[in-house]
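Asks: any chance you could fold what I've pasted below:
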Amino acid sequence: IICTEPSTAVCLKTDYPAVVDHPDAETVADQVQEIGHFLLKLQEQGLLRTDFAAVAGKAVYHTPCHLRALSPLQPLLEICRQIPQLEIESMEKGCSGMAGTFGLKREHFAESLEIGQELIKELRRPVWTLGMTECSSCKLQMEQKATIPTIHPLKLLALSYGLMPEIRSRLRAVPGRLVTT
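Replies: A predicted model of the protein is given here:
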């Protein structure tokens, strides 16, 4: 079971077995892998294509809390660093403030922005062409008051493989900031 969302992997690997009293819960948990770890294993076995096309730009990467809960590694970040002309800087500014659905609730929205203010402030710096994270909740928060898109690293890999051309137009919507070749 390959999960593209770290929170889903955590839920299936650790949460469900702890709260669901069913003999299959552990069987499912044992089969769960986060996509970055899966792709990293493929790369280590020489089975991952690395003929990436260039994506010129400067990205800032945020590590989701749930990814940290799974492993100290940042496998999709490391794979994306192999994309020619894409400079990526890992930014550790703490929690995005979204905290799952916490920041979506009206009564917590302002507090979530305050928690994520360092991350949001960093994303507003004009040096960046895009943000990157595996977590869709973090993505929502990262795009608060930002002028750049935040993209799942898988989408950047797809773009560099010549897939998902619609990503190109979204990135080009930031005038003068990103070019794909």
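
Asks: can you give me the offset of whichever helix or strand residue 77 is part of from its chain's centre?
Replies: Secondary-structure assignment from DSSP states H and E places residue 77 in helix 75-80. In terms of C-alpha atoms, centre = their mean, to the nearest Å, the centre of helix 75-80 is set 10 Å apart from its chain centre.

Asks: local confidence estimate at residue 111?
Replies: Reported pLDDT at residue 111 in the predicted model: 78.

Asks: quick one on the thing from earlier: just checking, what packs against the helix holding residue 77?
Replies: Based on contacts counted as 3 or more C-beta pairs under 8 Å, 6 or more residues apart in numbering; DSSP states H and E, the elements that helix 75-80 packs against are helix 35-44, strand 55-61, strand 86-90, helix 153-160. C-betas here are computed from N, CA, C, even on glycine.

Asks: now do 6 Å
Replies: When contacts are defined as 3 or more C-beta pairs under 6 Å, 6 or more residues apart in numbering; DSSP states H and E, helix 75-80 packs onto helix 35-44, helix 153-160.

Asks: chain center to the helix or strand hosting residue 69: distance?
Replies: Taking DSSP H and E as the definition, one finds residue 69 inside helix 65-70. Averaged C-alpha coordinates place helix 65-70 at 11 Å from its chain's average position (C-alpha atoms, centre = their mean).

Asks: circling back: using PDB, list the CA coordinates for the helix holding residue 77.
Replies: What follows is the C-alpha trace of helix 75-80 in PDB, where atoms were taken according to Å, rounded to 0.1, in the frame of the first residue of the first chain:
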ATOM      1  CA  PRO A  75      13.400  10.700   0.400                       C
ATOM      2  CA  LEU A  76      11.400  12.700  -2.100                       C
ATOM      3  CA  LEU A  77      13.400  15.800  -1.300                       C
ATOM      4  CA  GLU A  78      16.600  13.900  -2.000                       C
ATOM      5  CA  ILE A  79      15.200  12.500  -5.200                       C
ATOM      6  CA  CYS A  80      14.000  15.900  -6.400                       C
END
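
Asks: what's in contact with the helix holding residue 69?
Replies: With C-beta atoms under 6 Å, 6 or more residues apart in numbering as the contact definition, helix 65-70 has outside contacts at 6-7, 9-10, 34, 134.

Asks: in strands, which of those appear?
Replies: Taking DSSP state E as the definition of strands, the contacts of helix 65-70 contribute residue 34.

Asks: out of the contacts of helix 65-70, what pair is the most spread apart?
Replies: Using C-beta to C-beta, these span at most 11.7 Å, a distance reached by 10 and 134.

Asks: of the two, which one has the most company?
Replies: Between residue 10 and residue 134, counted using other C-beta atoms under 10 Å, the more crowded position is residue 134 (28 against 21).

Asks: ok, the more buried one to residue 66 distance?
Replies: From residue 134 across to residue 66, the span is 8 Å (C-beta to C-beta, to the nearest Å).

Asks: nice, that's everything, thank you.
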